[in-house]
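**Q** Return atomic coordinates for the entry below.
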Amino acid sequence: MFSGLIVTTMGDRGPYPLLNLSSIPEDTAENLSVIGMTILFMGAGILAERQHYRLHGSLPIPNSPDVEALAMSFIVSPTHTKDLRIDQHGRETTIWLLFESTKREQVFNLHREIESALKEETEQIKNEEDLTDSDKMGAILSRMKNITESPELYSSLPDKVEPLDIVEKGGLEFFTVSPEGELLTVDPKVDMNTLQVLILVNTILKRIFLIKLKNNMPQRLLFLAGTSASNINTNRFKNRFTIRDVTDPMEREMILETIGVFQKLDTQ
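**A** Model (predicted):
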């Protein structure tokens, strides 16, 4: 089921791909590294550490509409670094498992089995040099393939897998706006397909994300949401927060997945 594996890491100058065992072009792997790791670690401290050894996805791949990925992040000891933070805390790393979009339902059905096996593998990776060992990474990919292609495992699965529980995380607040421009609080467990725009306040990163959920949403509504986001920043945070528009489909889905929304959006 899995067609490839990509290893990305947080270098001294930012995220970049270390190893690409897939047919995805290098420039696409670079985009995946930058966008993907930025979103996976959009928290800080304990909030970011909650992302370690947790399986994220499925997530879209830049410029590859028929390919998606599962991701798991972890820490390795750096070999060489001039960054004091990396030297003290280790180097953030992510393994991406690629698969065809048509296999999404099968991947979801095996989510727990894949997570358990990949966590077991990544917990054995301690040093930075292991990340570029194509034999070791290839062995991980082979194990993941064996899990998803095992007839015995498929026969033991229930007919229907219940959706994963939404994980509550501190430091996040959710809002939207009505057609009249009224700011409305949003329950994070709501079906995001019922909304057109989401205002996500991250008080840890000091950022406000203005997330366009519908591609054809009225421009006026997006303007009203932007005005509300600005008002929140001015009235509550004295303009100390950064407001960021999120329109890229991959970034949008990765943010929603990171905050615990395991659902596909109908973006029409």
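
**Q** Quick one: mean pLDDT for stretch 188-198?
**A** Stretch 188-198 carries an average pLDDT of 85.

**Q** Over to stretch 134-153?
**A** Average pLDDT, stretch 134-153: 84.

**Q** For that stretch, buried residues please.
**A** Using 16 or more other C-beta atoms under 10 Å as the test for burial, stretch 134-153 gives 137, 140-141, 144-145, 147-148. To be clear about C-beta, it is placed using only N, CA and C from the backbone, and glycine gets the same treatment.

**Q** Including distance to residue 90, could the residues you listed go into a markdown table?
**A** Shown next, in a markdown table, are the buried residues of stretch 134-153 (distance: C-beta to C-beta, whole Å):
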| residue | distance to residue 90 |
| --- | --- |
| 137 | 19 |
| 140 | 19 |
| 141 | 23 |
| 144 | 24 |
| 145 | 29 |
| 147 | 27 |
| 148 | 30 |
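
**Q** Out of those, which is nearest to residue 71?
**A** Of all the buried residues of stretch 134-153, residue 71 sits closest to residue 144, with 12.5 Å by C-beta to C-beta.

**Q** Kindly provide the distance from that closest one to residue 126.
**A** 20 Å (C-beta to C-beta, to the nearest Å).

**Q** same deal with residue 212?
**A** 41 Å.

**Q** quick one: low-confidence parts of the stretch 1-150 of the chain?
**A** Low-confidence segments of the stretch 1-150 of the chain, defined by pLDDT under 70: 41-51, 150.

**Q** what about the helices in it?
**A** With helices called from DSSP state H, counting those that start in this stretch, the stretch 1-150 of the chain shows them at 26-40, 46-49, 84-89, 104-109, 111-122, 134-148.

**Q** Out of those, the one nearest residue 208 is which?
**A** Checking those against residue 208 by C-beta to C-beta gives helix 26-40 as the closest, at 15.3 Å.

**Q** Give me the contact list for that closest one.
**A** Outside helix 26-40, the residues that touch it by C-beta atoms under 8 Å, 6 or more residues apart in numbering are 6, 8-10, 14-17, 20, 22, 24, 51, 56, 59, 61-64, 69, 71, 73, 92, 94, 96, 248, 250-251, 254-255, 258.

**Q** Just those: which are in strands?
**A** Cross-referencing the contacts of helix 26-40 against strands under DSSP state E gives 6, 8-10, 14-17, 20, 56, 59, 61, 64, 69, 71, 73, 92, 94, 96.

**Q** List buried residues within those residues.
**A** 6, 8-10, 15, 17, 20, 56, 59, 61, 64, 69, 71, 73, 92, 94, 96.

**Q** domain ranges for the chain?
**A** Taking automatic domain parsing as the criterion, the chain consists of the domains 2-155, 172-258.

**Q** Switch the helices of the stretch 1-150 of the chain over to JSON lines, and while doing so, append distance to residue 174 to every line.
**A** Output for those, formatted as JSON lines (distance: least, C-beta to C-beta, whole Å):
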{"stretch": "helix 26-40", "distance to residue 174": "17"}
{"stretch": "helix 46-49", "distance to residue 174": "16"}
{"stretch": "helix 84-89", "distance to residue 174": "29"}
{"stretch": "helix 104-109", "distance to residue 174": "24"}
{"stretch": "helix 111-122", "distance to residue 174": "24"}
{"stretch": "helix 134-148", "distance to residue 174": "34"}
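
**Q** out of these, which comes closest to residue 242?
**A** Each of these was scored for nearness to residue 242 using C-beta to C-beta, and the closest is helix 26-40 (13.3 Å).

**Q** Residue 25 - how many residues pack around it?
**A** For residue 25, the tally of surrounding residues (other C-beta atoms under 10 Å) stands at 12.

**Q** So for residue 212 and residue 126, which sits in the more crowded spot?
**A** Taking neighbours as other C-beta under 10 Å, residue 212 and residue 126 compare with residue 212 leading, 19 against 12.

**Q** List the residues that contact that one.
**A** By C-beta under 8 Å, 6+ apart, the residues touching residue 212 are 196-197, 222, 245-247, 252.

**Q** And it, how far from residue 223?
**A** According to C-beta to C-beta, residue 212 and residue 223 sit 12 Å apart.

**Q** Could you do residue 72 as well?
**A** 39 Å.

**Q** Neighbour count for these two, which is higher?
**A** Legend: neighbour count by other C-beta under 10 Å for residue 72 and residue 223, higher for residue 72 (23 against 12).
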